[in-house]
Structures are given as C-alpha cells and as structure tokens.
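Novice: all I have is the shape, not the residue letters:
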C-alpha cells in the first residue's frame, strides 16, 4: 500500500497542536506554581511586620497570624 501525502499533511497539524497543548499545560502549571510561591512568601512576610505597619495595610496582628498560618493547600484557590 502506498502512503498518501495528503494524509501525512492532515496528521501534521494534529501533532503540532498536541505539542502546543502540552506546552500550554506546562506554562499554566508553571504560572500557578509561581502564584502559589508568591502567596506563600507574602503570607510569611506578614509575620515580620510590626503593629504599625500592619495597621497601615489595614490588618490586625490576629488577621496577619491567621493568614500566615493558613494550610498550604488553601493557597491554590486564591
């Protein structure tokens, strides 16, 4: 049986789309990881602020502690 050139041409875009989908999924995951990392870091930084600095950003010490102590898995949902 002879292979048809047209058939190969039709399959090529699907293969490229699969690679783009994989790359897009990876980039989405990377973006989510970066957002998670920033949130975790910023919540930990709240612990370093003094009461006056917390007041400036509209938080109490209790609110800052509550944010900093959130379980890590809840940071994915923000």
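Specialist: Yep, it's here. Bear in mind the structure is a predicted one, so any value in this text is a computation, not a measurement.

Novice: relative to residue 69, how far out is residue 57?
Specialist: Distance, residue 57 to residue 69, by C-beta to C-beta, to the nearest Å: 18 Å. All C-beta atoms are positioned from the backbone trio N, CA, C, and that covers glycine.

Novice: sorry, wrong one. I was asking about residue 22.
Specialist: Per C-beta to C-beta, residue 22 is found 37 Å from residue 69.

Novice: before we move on, what about residue 47?
Specialist: Residue 47 is 9 Å from residue 69, by C-beta to C-beta.

Novice: ok, and for stretch 52-63, which residues are buried?
Specialist: 54, 59 (16 or more other C-beta atoms under 10 Å).

Novice: now do it: distance from first to last residue.
Specialist: 14 Å (C-alpha to C-alpha, to the nearest Å).

Novice: just stretch 53-71 next, same as before
Specialist: Stretch 53-71: ends 24 Å apart by C-alpha to C-alpha.

Novice: how about residues contacting it?
Specialist: Contacting residues not belonging to stretch 53-71 are listed as 43, 44, 46, 47, 49, 51 [C-beta atoms under 8 Å, 6 or more residues apart in numbering].
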